[in-house]
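build the 3D model from these lines:
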Amino acid sequence: MVPRKSPRFAVQLPIRFTEDSRETGGTILNISEDGCMITATRTPDESAYLQLDMDLIEGQPPVQVGLAAVRWSVRNRFGLEYIKVGLDERERLKNFMAMLERSPGY
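Residues are numbered from 1 along each chain as shown. Take a look at the predicted model:
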């Protein structure tokens, strides 16, 4: 088994993902700097590409991922790898991960 590049953190955060102009909402169940696992009523196919709006911190604009690849999909859950993330969005994501790492329980 290949070790992960970055640690994952268990969360429950809202997300919206778009595939072929079709937007769907879901919940992020775990997150890292490189990807996340989502649960949703509509699950995209493996190898699909999505755009993401992740509501990481209440009251702040969503972190936008321009392109994410579905790496696996089982029932109502699927895993994503971020492919295209802008520099500012990447920095916000890194800061969020650092905040989670400093939080009690992690």
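
tell me where the model's unsure across the protein.
The model of the chain has pLDDT under 70 over residues 1-4, 105-106.

does the spatially most central residue of it belong to a helix, a strand or coil?
Central residue of the chain (Cα atoms, centre = their mean): C36, 3.9 Å from the mean position. Put simply, C36 is strand when judged by DSSP: H, G, I helix; E, B strand; the rest coil.

cool, E101 as well?
Here E101 is helix, with the state taken from three-state DSSP.

give me the spatial nearest neighbour of it, chain neighbours excluded.
With sequence-adjacent residues excluded and distances taken as Cβ to Cβ, 6 or more residues apart in numbering, E101 is closest to P7, at 7.2 Å. C-beta: built from backbone N, CA, C; applies to glycine.

hey, where'd the helices end up in this structure?
87-102 (DSSP state H).

those strands in it, which residues are they?
9-19, 22-31, 35-40, 49-54, 63-74, 77-84 (DSSP state E).

ok, and what's touching the longest one?
Identification of contacts with strand 63-74 by Cβ atoms under 8 Å, 6 or more residues apart in numbering yields 17, 35, 43-54, 56, 78-86, 89, 92-93, 96.

which among these end up buried?
17, 35, 43-44, 48-54, 56, 78-82, 85, 89, 92-93, 96 (16 or more other Cβ atoms under 10 Å).

on that earlier part again, and R102, which of the strands of the chain is closest to it?
strand 9-19 (11.2 Å; Cβ to Cβ).

strand partners (parallel or antiparallel) of that closest one?
The strands beside strand 9-19 in its sheet (DSSP bridges) come out as strand 22-31 (antiparallel), strand 49-54 (antiparallel).
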